[in-house]
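[1] need a 3D model of the sequence below.
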Amino acid sequence: MNLTNRIYSIDVFRGITVAAMILVNNPGSWEHVYPPLLHAHWNGCTPTDLIFPFFLFIVGVSIHIAYEPRRDQGLTKEALRKILKRALIIFLLGIALTWYTIPVSNMFNAERLASMRIPGVLQRISLVFLVSAILYLTTNWLQQIRIAIAILLGYYVIMNFVPVPDTGHASLEPSDNLGAWLDRLIFGRHLWASSKTGDPEGVLSTLPAVATGILGMLTGKLFTTKAEAHQKLVWLFFTGAMLIFAGLAWGLAFPINKALWTSSYVLYAAGIAMQMLAVLHWLIDVQGFRSWSQPFVYYGTNAIFVFVASGFLAKTMGRIRFTTGEGREQSVWGWLFENGYGWMEPTFASFAFALTLVLVFLVILRAMYNRKIFIKV
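    Model (predicted):
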């Protein structure tokens, strides 16, 4: 089995993940959303809570696929330059998305910019890519395992036993945990608008997110071994099951929590990702069932582009407002939802609106794929 065939299933996994990101990020109305399409309030894990770690896991897999041919060269100046450049572009795209949410009249207002959020999804992706790629080119797989273990154990100790300066004791509560305190110290007013006490993509929780990337890199190594397909599947399912079990067990002492990106959450999500990738590998690469997955290939081969483009489109439709015939001020987003989907049951209408956005981009991505337009950063 050649490398190209293996990449096909990886593209499908990446495509499923980014399509799911768009689906859960863009309901017609946040007042009407099916519970599985929402994040857990705090502790716990919904299907939506698995999407982001799946993407970081695939970042790790892709690092191995991309850098394995040049691994013997190590971290050259040219390789480091390209890694830094890519990480910086992704980070700045995240900043641009945040900046675009500011009303036009205040987009260059110093006071408004002084409170613009700095962390974010793309920002975390960039940092995990940066650290993981450098580790990949400077360490071997055994060292990577040790680093991941050290990160997860160290994060457990820090979060559970290091006193928070504001309270004098360790805490895992939303506003009292060490990560939230550190975010307030570093970012000040540059935090998530819905929290102000911490950030779900904050500094400290980015450390275990790196461990998610490392687990992806280790999984990518398994894909490029010379083992038979059935051996890879057995290892993927077995290792995935062990990680899920370890995550659930550790969750009894260190609860599974996306906002904190707890060590138990890392293991649990990576285990599920590993098993999902195994299923896709078996269906697509081993059995050759590809036709059903082509839409996800369109998404997977332009993942960063569609995530950024969908964000800008959603924010544009939300910020363009007009006065209706009834004298109400309404956004383009609200008008389309109300007039195009208002006849449906509210929760299903909200879901259908988000699904429509996914399908609209599918048409665009299909055209790009057929014309071999792949926007990379």
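[2] mind checking the longest helix of this structure?
    Identified as the longest helix of the chain according to DSSP state H is helix 346-370.
[3] how far does it sit from its chain's centre?
    19 Å (Cα atoms, centre = their mean, to the nearest Å).
[4] ok, Gln144 to Ala20 distance?
    Gln144 sits at a distance of 27 Å from Ala20 (criterion: Cβ to Cβ, to the nearest Å). In this view, the C-beta of every residue, glycine as well, is placed from N, C-alpha and C.
[5] next one: Leu153
    30 Å.
[6] with Pro208 instead?
    22 Å.
[7] tally of neighbours for the residue nearest to Pro35 when sequence neighbours are not counted?
    Excluding the flanking residues, the one nearest Pro35 by Cβ to Cβ, 6 or more residues apart in numbering is Thr46, at 7.0 Å. Neighbourhood size, Thr46 [other Cβ atoms under 10 Å]: 17.
[8] can you pull the contacts of Thr46?
    Pro35, Pro36, Leu37, Leu38, His39, Ala40 (Cβ atoms under 8 Å, 6 or more residues apart in numbering).
[9] 7 Å instead?
    Pro36, Leu38, His39, Ala40 (Cβ atoms under 7 Å, 6 or more residues apart in numbering).
[10] got CSV for the residues you listed, with pLDDT and secondary structure too?
    Formatted as CSV, the contacts of Thr46 follow (pLDDT from 0 to 100; DSSP: H, G, I helix; E, B strand; the rest coil):
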residue, pLDDT, secondary structure
Pro36, 95, helix
Leu38, 95, coil
His39, 94, coil
Ala40, 94, coil
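[11] how about the strands in the stretch 201-350 of the chain?
    Secondary structure of the stretch 201-350 of the chain (DSSP state E, counting those that start in this stretch): strands at 321-323, 329-331.
[12] columns mean neighbour count on top of those strands, output as TSV?
    Converted to TSV, the strands of the stretch 201-350 of the chain look like this (neighbours: other Cβ atoms under 10 Å):
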stretch	mean neighbour count
strand 321-323	10
strand 329-331	14
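[13] right, and those - which one's nearest Pro295?
    strand 329-331 (28.8 Å; Cβ to Cβ).
[14] strand partners (parallel or antiparallel) of that closest one?
    strand 321-323 (antiparallel) (DSSP bridges).
[15] any stretches of the stretch 51-200 of the chain with poor pLDDT?
    Counting by pLDDT under 70, the stretch 51-200 of the chain contains low-confidence ranges at 104-106, 109, 111-112, 192-197.
[16] would you map the helices across it?
    51-67, 77-99, 110-113, 121-138, 141-161, 178-187 (DSSP state H, counting those that start in this stretch).
[17] mind giving me the packing neighbours of the fourth one?
    Put plainly, it is helix 121-138. helix 51-67, helix 77-99, helix 206-223 (3 or more Cβ pairs under 7 Å, 6 or more residues apart in numbering; DSSP states H and E).
[18] where along the stretch 251-377 of the chain do the helices fall?
    So, for the stretch 251-377 of the chain - with DSSP H, counting those that start in this stretch - the helices run 263-280, 294-300, 303-319, 332-341, 346-370.
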